[in-house]
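Peer 1: got a predicted model here, sequence first, then my questions.
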Amino acid sequence: MIADRVNKIGVSETMMISAEAKKLKAEGHDVINLSMGETDFPTPNNIKEAGKRAVDENHSFYTINSGTIELRTAIAAKLKRDNHLDYKLNEIIVSSGAKQSVYNAILATVNPGQEVIVPAPYWVSYPAMVELAQGKSVVIQTDDTSGFKITPDQLSRAITSKTKVLILCNPSNPTGSAYNKNELLEIAKVCQQENFYIIADEIYEKMVYDDFEFFSFATVAPELRERIILVNGISKSYAMTGWRIGYTAANEHVVQGMNKIQSHTTSHPSSISQSAAIEAVAGPQYVVNEMLAAFRKRREYLYNELTSIDGVTCYKPEGAFYLFPNISAYLHTHTKVLKIDSSFDFVMHLLYEAHIATVPGSAFGAEGYLRISYATSMENLKEAVLRMKAALKKLR
Ligand SMILES: Cc1ncc(COP(=O)(O)O)c(C=O)c1O
């Protein structure tokens, strides 16, 4: 009785692992969760205060469907300040999380049967969203030898007369890999030759390390402005995953299309969250740097430890808060009870043997890898590394 579209999107492996981890926890085991896509920090105080003020001042009514004028003005100022981009208010729409921004952007642009180019490893939701829009995902496979980045040549070969959208997630979930300015310029050159939209998902913009300099795709390729659908949000940068605010900057026709869809589905995001979001994007930005300092230390620690394990290699990613080590040397090994033939089996071994929850590369279209989030305390990371090393010694 359930609609076909539901069956087509399958059950998320992440949810299965998370359910298993919860079960173990409920049985009294000390499970360390390295599978989450959110920071472990609370929302900064100034932002919380803005949210509280919004409640006290009765910001409890419907707002404009595309987001309040105040918030869109703050977002326009942010895009100017951080990315040197000029967007008018009617070119910006606020949604209930960047997830809804991406979904609405796909729904507003992709007709049934049209193709969406999705570089893999991909964020799990992209292919599911394309499927729901009755589009077709065309996956470009990348691996650690190219830093998980697509080459201009790979992109050229993936383009057909049916291509409607390219999704460019930069920095990437799940790999943390990020394109530098030159790499973006090369991709832009290929995009100029054909006519399709580029959804630039830049939600991890603020999370970059070492001397890496982030550039928005729209900044690097102003000639593609009309075709770039820039998605960003406050969930990751300001530790606000639960507040559900994401936004899109694009040409006004795309924004109008997204606005129509949003008006008939969820309407605007929470009025209280919108008020708090103004403080996030327009308020003091040192709060981001405080979190980044912690992430920097954790990334360094985890990277060094993982790469010291026999058979594990890891691309050192430029951004986000994930590592994506290559564990393929452990495939086709076994314990006394379990055969390890896939990254899913490997994750299950870590879960049952070491009580560590991670996510298999297969969930992101990349078998042989593991996604580990370091958005948890250093203490947890140290314990997880000890347990992981012991668990891997049991594989034959
Ligand atoms: C690449 C990417 N885009 C978008 C999102 C959605 O973020 P939000 O929580 O704002 O919906 C996520 C969250 O995991 C993400 O990793």
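Peer 2: Arrived safely.
Peer 1: ok, residue 380 - contacts?
Peer 2: The contact partners of residue 380, by C-beta atoms under 8 Å, 6 or more residues apart in numbering, come to 32, 34. Where C-beta positions appear, they are placed from N, C-alpha and C, glycine not excepted.
Peer 1: distance of it relative to the ligand?
Peer 2: 20 Å (C-beta to the nearest ligand atom, to the nearest Å).
Peer 1: secondary structure element holding that residue?
Peer 2: helix 378-393 (DSSP states H and E).
Peer 1: how about that helix: buried residues?
Peer 2: 380-381, 383-385, 387-389, 391-392 (16 or more other C-beta atoms under 10 Å).
Peer 1: and for stretch 130-140?
Peer 2: Going by neighbour count (16+ other C-beta under 10 Å), the buried part of stretch 130-140 is 130-133, 135-140.
Peer 1: quick revisit: save the buried residues of helix 378-393 as TSV, and put in pLDDT too.
Peer 2: Converted to TSV, those look like this (pLDDT from 0 to 100):
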residue	pLDDT
380	97
381	98
383	98
384	98
385	98
387	98
388	97
389	97
391	96
392	96
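Peer 1: quick one: contacts for the residue of the stretch 1-150 of the chain found nearest the ligand?
Peer 2: Proximity to the ligand, evaluated over the stretch 1-150 of the chain using C-beta to the nearest ligand atom, is greatest for residue 97 at 2.7 Å. Counting by C-beta under 8 Å, 6+ apart, residue 97 touches 233, 235, 244-246, 269.
Peer 1: please enumerate residues in contact with the helix or strand harbouring residue 182?
Peer 2: Taking DSSP H and E as the criterion, residue 182 maps to helix 181-193. Outside helix 181-193, the residues that touch it by C-beta under 8 Å, 6+ apart are 149-152, 155-156, 159, 166, 168, 170, 179, 198, 213, 215, 217, 220-221, 223-224, 227.
Peer 1: show residues contacting the helix or strand that it is followed by.
Peer 2: Per DSSP H and E, the first helix or strand lying C-terminal to helix 181-193 is strand 197-201. Residues outside strand 197-201 that contact it (C-beta under 8 Å, 6+ apart): 98, 102, 105-106, 109, 123, 164-170, 191, 216-218, 224, 227-231, 254.
Peer 1: show me what the very next helix or strand once past strand 197-201 is packed against.
Peer 2: Next in sequence after strand 197-201, counting helices and strands by DSSP H and E, comes helix 217-220. Packing partners of helix 217-220 (3 or more C-beta pairs under 8 Å, 6 or more residues apart in numbering; DSSP states H and E): helix 181-193, strand 197-201, strand 228-233.
Peer 1: can you do 10 Å?
Peer 2: Helix 217-220 sits against helix 69-83, helix 181-193, strand 197-201, strand 228-233, with contacts defined as 3 or more C-beta pairs under 10 Å, 6 or more residues apart in numbering; DSSP states H and E.
Peer 1: quick check: residue 76 touching residue 94?
Peer 2: No. Assessed by C-beta atoms under 10 Å, residue 76 is found out of contact with residue 94, at 11.5 Å.
Peer 1: the two: which has the busier surroundings?
Peer 2: Remark: of residue 76 and residue 94, residue 94 carries more neighbours, 27 against 19, as counted by other C-beta atoms under 10 Å.
Peer 1: packing partners for the helix or strand that one falls within?
Peer 2: According to DSSP H and E, residue 94 maps onto strand 92-95. The contact analysis (3+ C-beta pairs under 10 Å, 6+ apart) places strand 92-95 against helix 69-83, helix 98-109, strand 228-233, strand 246-249, helix 252-264, helix 271-282.
Peer 1: okay, and which of the buried residues of stretch 130-140 map to strands?
Peer 2: Those of these mapping onto strands are 136-140, per DSSP state E.
Peer 1: could you dump the residues you listed into CSV with pLDDT added?
Peer 2: Listed next are those as CSV, based on pLDDT from 0 to 100:
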residue, pLDDT
136, 98
137, 98
138, 98
139, 98
140, 98
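Peer 1: report the central residue of this structure.
Peer 2: Centroid check for the chain by C-alpha atoms, centre = their mean gives residue 173 as the closest residue, at 4.2 Å.
Peer 1: contacting residues for the most far-flung residue of the chain relative to its centre?
Peer 2: Distance to the chain centre peaks in the chain at residue 336, reaching 36.6 Å (criterion: C-alpha atoms, centre = their mean). Counting by C-beta atoms under 10 Å, 6 or more residues apart in numbering, residue 336 touches 394, 396.
Peer 1: swap in the one 4 residues further on?
Peer 2: Shown in contact with residue 340 (C-beta under 10 Å, 6+ apart): 327, 330-334, 346-349, 395-396.
Peer 1: one more time with 8 Å
Peer 2: With C-beta under 8 Å, 6+ apart, residue 340 has these contacts: 330-334, 346, 349, 395.
Peer 1: and the closest residue in space to it that isn't next to it in sequence, how close does it get to residue 372?
Peer 2: Once flanking residues are discounted, residue 340 sits nearest to residue 333: 4.9 Å by C-beta to C-beta, 6 or more residues apart in numbering. Computed as C-beta to C-beta, to the nearest Å, the residue 333 to residue 372 distance reads 19 Å.
Peer 1: neighbour-wise, which of those two wins?
Peer 2: Neighbour count, other C-beta under 10 Å: between residue 333 and residue 372, residue 372 has more, with 26 against 18.
Peer 1: so that one makes contact with residue 360?
Peer 2: No. Applying C-beta atoms under 8 Å, one finds residue 372 not in contact with residue 360, separated by 11.1 Å.
Peer 1: and the one helix or strand in the chain whose mean pLDDT sits lowest, what does it pack against?
Peer 2: One helix or strand of the chain scores below all others by mean pLDDT, DSSP states H and E: helix 13-26, with a mean of 86. If you count contacts as 3+ C-beta pairs under 8 Å, 6+ apart, helix 13-26 packs onto helix 343-349, strand 356-357, strand 359-360.
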